[in-house]
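**Q** this one's structure only:
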């Protein structure tokens, strides 16, 4: 059984991630928010990211860049970090090299499952999802612990043959995301229905834009599908990315956040919207059904239009009250509990490489 780490006991932690700034997504937000809390507790958190290496853009998705790091560079970097704990957050080039370093040097490590890449890939290319999950099982299998954000995702991955799964929930910054007045969408016809996130195929945004419901549909975010969707749905308002107080104002100015994705593993924008007092409408899938456990905060339904209509009847105070159940301190505690000493040897190293 993995040892736990006390917040009061300073540790050197290396987090390896292929997802990093300038990307704007839940993975980056989660890693930054967790690291902030850990540093406040006195731990040393070192991120090994694509910022340190040459990168190339992913075809059709230029905002995501893949590292061209060498084995020698990554091995040297990790060896000199002298980390008490190594956590591999992603399954890309840096994650693969860090995994190989740990296995060759006999160091135990943890991983985390953030993204359903098999579904994302099959949304673009004719690649069977089983192939993608086969790779992900291979990648995570030698980890002492694989951290997952929700109980429903844990159950799904167990059914797919994954093992050593532990919960690592998410939080929301209640100091930043909080109820308040906003006139940002006052000029638009109500009710104001908001979507926040990447404008990409895997987000299923057309399920939102095609809804036969009254009001104005607003999309905050950008991505490869934006130009196509703007032409198909000229009545919708596309705002591009919003940051800081502009993003908070967008949440506050909406009557409902509509979350049409069926492939997200959590959905940080859900807790952000709730914290601002905005009820949520979503499908009953992993992420939404784990977060929206109180029907006074949001509605999950197989018919998204039904979910929207019912969510419009909810109160903003109930939504913001439910968000208080999600703190980054609790999330960081679970992350620490899932770490393992890097000095431990990994069983079955040769077979895993």
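**A** Thanks, I have the structure now. Model, not experiment: these values are computed from the prediction.

**Q** so where's this structure uncertain?
**A** 1-8, 60-61, 123, 125, 344-353 (pLDDT under 70).

**Q** Residue 50 touches residue 21, doesn't it?
**A** No - using CB atoms under 8 Å, residue 50 is not in contact with residue 21; the gap is 9.1 Å. Every residue, glycine included, has its C-beta placed from N, CA and C.

**Q** Show me which of those two is the more surrounded one.
**A** residue 50 (22 against 11; other CB atoms under 10 Å).

**Q** so who does the more buried one touch?
**A** 18, 20, 65-67, 69, 94 (CB atoms under 8 Å, 6 or more residues apart in numbering).

**Q** same check, this time on residue 89
**A** Residues near residue 89 by CB under 8 Å, 6+ apart: 15-19, 27, 31, 95, 111-112, 114.

**Q** ok, 7 Å please
**A** Residues in contact with residue 89, defined by CB atoms under 7 Å, 6 or more residues apart in numbering, are 15-17, 27, 31, 112, 114.

**Q** Quick check: can you name the pairing partners of the longest strand belonging to the chain and their directions?
**A** Ranked by residue count, the top strand of the chain under DSSP state E comes out as strand 61-67. Strand 61-67 has its sheet partners listed here by DSSP bridges as strand 55-58 (antiparallel).

**Q** in the stretch 101-250 of the chain, which spans are helices?
**A** Applying DSSP state H, counting those that start in this stretch to the stretch 101-250 of the chain gives helices spanning 117-122, 129-140, 151-159, 205-209, 226-232, 244-253.

**Q** Out of the ones you listed, which is the most enclosed?
**A** Among these, judged by mean count of other CB atoms under 10 Å, the one packed with the most neighbours on average is helix 205-209 (a mean of 20).

**Q** Residue 277 touches residue 321, doesn't it?
**A** No - contact criterion CB atoms under 7 Å: residue 277 and residue 321 do not qualify, at 9.2 Å.

**Q** So which of those two has more stuff around it?
**A** Shown here are residue 277 and residue 321; by other CB under 10 Å, residue 277 has more neighbours (22 against 16).

**Q** For my notes, confirm the more buried one occurs in a strand.
**A** No - read with DSSP: H, G, I helix; E, B strand; the rest coil, residue 277 is coil and lies in no strand.

**Q** Tell me how far the residue lying closest to residue 206 once chain neighbours are set aside lies from residue 241.
**A** Sequence neighbours aside, residue 229 is the residue nearest to residue 206 in space, at 7.0 Å (criterion: CB to CB, 6 or more residues apart in numbering). In this view, residue 229 and residue 241 are 15 Å apart by CB to CB, to the nearest Å.

**Q** Likewise for residue 9?
**A** 39 Å.

**Q** same deal with residue 224?
**A** Taken as CB to CB, the span from residue 224 to residue 241 is 14 Å.

**Q** just residue 104 next, same as before
**A** Going from residue 104 to residue 241 by CB to CB gives 40 Å.

**Q** and residue 58, what is it in contact with?
**A** 64, 66.

**Q** That one and residue 65: what is the separation?
**A** 7 Å.

**Q** Now for those two: what residues contact both?
**A** Contact with both residue 58 and residue 65 is made by no residue, according to CB under 7 Å, 6+ apart.

**Q** Can you list the residue ranges for strands in the protein?
**A** Taking DSSP E as the criterion, the chain carries its strands at 12-16, 44-48, 55-58, 61-67, 85-88, 110-112, 145-148, 165-167, 192-196, 216-220, 237-240, 256-259, 280-282, 298-300.

**Q** Domain map for this structure?
**A** 12-171+330-352, 192-325 (automatic domain parsing).

**Q** Quick one: closest of the ones you listed to residue 177.
**A** domain 192-325 (3.7 Å; CB to CB).

**Q** Give the burial count for residue 218, as a bare number.
**A** Per other CB under 10 Å, the neighbour tally for residue 218 reads 22.

**Q** From residue 261, how far off is it?
**A** Distance of residue 218 to residue 261, computed by CB to CB: 16 Å.

**Q** next one: residue 84
**A** Between residue 84 and residue 261 the computed distance is 36 Å (CB to CB).

**Q** what about these two, which has more around it?
**A** Per other CB under 10 Å, whichever of residue 84 and residue 261 has more neighbours is residue 261, with 27 against 19.

**Q** got a list of what the more buried one touches?
**A** By CB under 7 Å, 6+ apart, the neighbours of residue 261 are 203-204.

**Q** Go ahead and confirm residue 154 touches residue 148.
**A** Yes - applying CB under 7 Å as the test, residue 154 and residue 148 come out as touching, 4.9 Å apart.

**Q** tell me, what's touching these two both at once?
**A** Common contacts of residue 154 and residue 148, defined by CB under 7 Å, 6+ apart, comprise 165, 167.

**Q** gap between the residue nearest to residue 117 when sequence neighbours are not counted and residue 337?
**A** Counting by CB to CB, 6+ apart, residue 132 is the residue found nearest to residue 117 once chain neighbours are left out, at 5.7 Å. When distance is defined by CB to CB, residue 132 is 28 Å away from residue 337.
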